[in-house]
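Undergrad: my questions concern the predicted model and sequence given below.
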Amino acid sequence: SLQVYTDLFLSLHHLVGVTSDHDIIIYDINTFRKIKHCVGCLDEVLDIKCIDDHVAIATNSEQIKVFNRSRGNCSVLLGHSDIVLALDVSADGSMLVSGSKDNNIIIWRMFNNEYYYCGTGHGHTMSVGAVSCARVMPPRFVVSGSVDNTIKIWNIDSVHQMNKEVNLSVKCTQIAHVKDINSIHISPNDKLIVTGSQDKTAKLWRVSDCSLVGILKGHRRGVWSVQFSPIDQRVLTSSSDNTVKLWSVSDLCCLRTFEGHNTSVLKAIFITRGTQIVSADNNGIMKIWNIKSQECVNTIDKHNDRIWALSSSIDGEYIFSGGADSLVFEWKDVTEEIEANKHTLKEDEIIREQELLNLLHDKDYVRAVGVALSLEQSFRVLTILKDLLDVGDIDGEFKYIIISLREDQLALLIGYLNKWNTNSKYCRVAQSVLNILLKTIPPNQLIEIDGMKDILRGLIPYTERHFQRMSRLKQLASFVEYTWQCMKLPEDIVREENVTYSEYQTSSVATAQADSTTNNCELSEDIRTPSEDQKEVYVSRKLVKKRKHLHRIKKSLHNSKIKSH
């Protein structure tokens, strides 16, 4: 195996070397020029900056690794003598500035798609943990913040030659905080500087004379990151008190507080042209916030440890994150694609809804149920099946609809059955569908449907409950029938009452005729043709009299028994 690889690289005129950091370096065997550098392992990622097609990463070492995203190549920048803590790039990506534990900053300039050393800034007495480059092009200065509680503004006009050591001159030095400075950033117009410190405050400074403009107070613990908004006069801060705050530059008041993280928020930056915020915390959780609504629109949990670094590309399409788990993730903003897909799905849903209405109008219930299932409209499916049951078509079209469904539609319908069966109003439809399924589909095919076991566990108890309810209802119906039969009069009594009523009616008509002859009057229709109400009144009166008579006979018999005893 080793011989094969050796012969391969010799035939390509390449020489391969492996470093103690698990990096693979490929050289041209004739010129010994480095062709490719493959990084095998990253240590804890402390900072990231995106530069067009490149990504600069500060790991837990004195080296700065610059990755070419398109070619997959990596170049290593050597210059610091201790761990690099902070990085920043100019707006056009032509200049890179780094701060390190060696108390220095270094300026790097890009030439032929590669970064080269240009100058060093000496002056801080402790580690440089924050750096920022001027936003206006071409950049005239950089700012650094240190553990020695000071900020320095460096003049970089003299930096113009590559690979020639230039000592940067300090334009201004200011004691900014009483504790470590964790973050620093320059405003888009290069007039203000904002710093964040472990003393729980963020401060605004003028670039011209390094004088204090104001203090942003409100965080209960140290401030880890600060950044100016690219479009508004706003400042973004994140803190160990688990919050992210948005401040006004003009009146130094807090405009928004974003709460949602459970641990320290180590980094927060603006994205999507200043309309959203992405924040990262000590647990490796990233959250995306909408500034206007102050709501968290997405939560990302991919890192296994704290996230130290966040950076967005110049066009805002990509976001890079890195942390203590030695991983770097590249994220793409797909908001526009998601919105376009939503619009397409909505249009398709409107078309399908209209198709469903047309099918219902044409009474094509077989296709209508399929379309309703594809739209996941369970109530519409229930309505169609209920209407078919109401007309008594359970063995006709109702059954044909169930057995003609596809496997995916059948699985969806069975899921709906579990919900319908919990309601006594819809259980008839659910039980009818279930009856057809159990009679027409083999059990081994039913059990293969996803989630069928859980569905059966939900169907069985409610089915037993419905069965018990129907049994009670049947008993009540039988009792009502029995009561009605007991209340009906025997046929001989009914015939006797009809005869008596006829005699009564004949005598009434005769009496009425005699009266009308005397008074020269004609019989009215009401007298000649008695109404049904009059008949019912007469019968009811006769029944009452007979019941009273029977009751008297019973009572007299009872009294006679008592006397005989």
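TA: Looks like it came in fine.
Undergrad: okay, Leu345: pLDDT?
TA: Here the pLDDT value assigned to Leu345 is 86.
Undergrad: so for whichever strand or helix holds it, what gets flagged as buried?
TA: Secondary structure from DSSP states H and E places Leu345 in helix 335-361. In terms of neighbour count (16 or more other C-beta atoms under 10 Å), helix 335-361 has its buried residues at 356, 359-360. For glycine as for every other residue, the C-beta is placed from the backbone atoms N, C-alpha and C.
Undergrad: need these in TSV with distance to Phe270 and pLDDT, can you?
TA: Output for the buried residues of helix 335-361, formatted as TSV (distance: C-beta to C-beta, whole Å; pLDDT from 0 to 100):
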residue	distance to Phe270	pLDDT
Leu356	45	83
Leu359	50	83
Leu360	51	80
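Undergrad: quick one: the helix holding Leu345 to chain centroid distance?
TA: The chain centre lies 21 Å from the centre of helix 335-361; the measure is C-alpha atoms, centre = their mean, to the nearest Å.
Undergrad: could you do stretch 431-450 as well?
TA: 34 Å.
Undergrad: re earlier: helix or strand right after the helix holding Leu345?
TA: Assigned by DSSP H and E, the successor of helix 335-361 is helix 365-374.
Undergrad: just the residues contacting that following helix, thanks.
TA: For helix 365-374, the surrounding residues in contact (C-beta atoms under 8 Å, 6 or more residues apart in numbering) are 352, 355-356, 359-360, 380-381, 384-385, 388, 397, 400-401, 404-406, 409, 412-413.
Undergrad: let me see the contact set for Glu353.
TA: Leu375.
Undergrad: what's the neighbour count on the closest residue in space to Gly121 that isn't next to it in sequence?
TA: The spatially closest residue to Gly121, leaving aside those adjacent along the chain, is Leu168, at 3.8 Å (C-beta to C-beta, 6 or more residues apart in numbering). By the criterion of other C-beta atoms under 10 Å, Leu168 has 26 neighbours.
Undergrad: Leu168 touches His124, doesn't it?
TA: No. Leu168 lies out of contact with His124 (C-beta atoms under 8 Å); the separation is 11.7 Å.
Undergrad: Val366 and Thr383, how far apart?
TA: Look at Val366 and Thr383: by C-beta to C-beta, to the nearest Å, they are 15 Å apart.
Undergrad: cool, Ile414 as well?
TA: 18 Å.
Undergrad: in terms of neighbours, single out the busier of the two.
TA: Counted by other C-beta under 10 Å, Ile414 and Thr383 do not tie: Ile414 has more neighbours, with 21 against 14.
Undergrad: not counting sequence-adjacent ones, nearest residue to the more buried one?
TA: Using C-beta to C-beta, 6+ apart, the nearest residue to Ile414 is Ile455, at 5.8 Å.
Undergrad: buried set for the host helix or strand of that neighbour?
TA: When secondary structure is defined by DSSP H and E, Ile455 falls within helix 452-487. For helix 452-487, a neighbour-count test (16+ other C-beta under 10 Å) marks 455, 459, 462-463, 466 as buried.
Undergrad: and if you look at stretch 188-208?
TA: 192-205, 207.
Undergrad: touching, Thr422 and Tyr462? I think so.
TA: Yes. Contact status for Thr422 versus Tyr462: in contact at 5.5 Å, counting by C-beta under 8 Å.
Undergrad: what count of nearby residues applies to Ser378?
TA: 17.
Undergrad: which residues does it contact?
TA: Contacts of Ser378 (C-beta under 8 Å, 6+ apart): 416, 419-420.
Undergrad: most neighbours of all those, which one?
TA: In terms of neighbours by other C-beta under 10 Å, the contacts of Ser378 top out with Trp420 at 24 neighbours.
Undergrad: let me see the confidence value for it.
TA: pLDDT at Trp420 comes out at 84.
Undergrad: ok, Ile350 next?
TA: 87.
Undergrad: what of the one 4 residues further on?
TA: For Gln354, the model assigns a pLDDT of 87.
Undergrad: equivalent analysis for the one 10 residues further on, please.
TA: Taken from the predicted model, the pLDDT recorded for Asp364 is 83.
Undergrad: quick one, phi psi at it?
TA: Main-chain torsions, Asp364, degrees, to the nearest 10: phi -90, psi 80.
Undergrad: who are the contact partners of it?
TA: Counting by C-beta under 8 Å, 6+ apart, Asp364 has no contacts.
Undergrad: gap between it and Thr59?
TA: Asp364 is 66 Å from Thr59, by C-beta to C-beta.
Undergrad: name the helices or strands packed onto the helix holding Ile455?
TA: helix 407-420, helix 427-440 (3 or more C-beta pairs under 8 Å, 6 or more residues apart in numbering; DSSP states H and E).
Undergrad: what's the average pLDDT for that helix?
TA: Confidence over helix 452-487 (mean pLDDT, whole number) is 79.
Undergrad: just want the angle from it to helix 427-440.
TA: Using axes from the mean of the first three to the mean of the last three C-alpha atoms, to 10 degrees, the direction of helix 452-487 lies 120 degrees away from that of helix 427-440.
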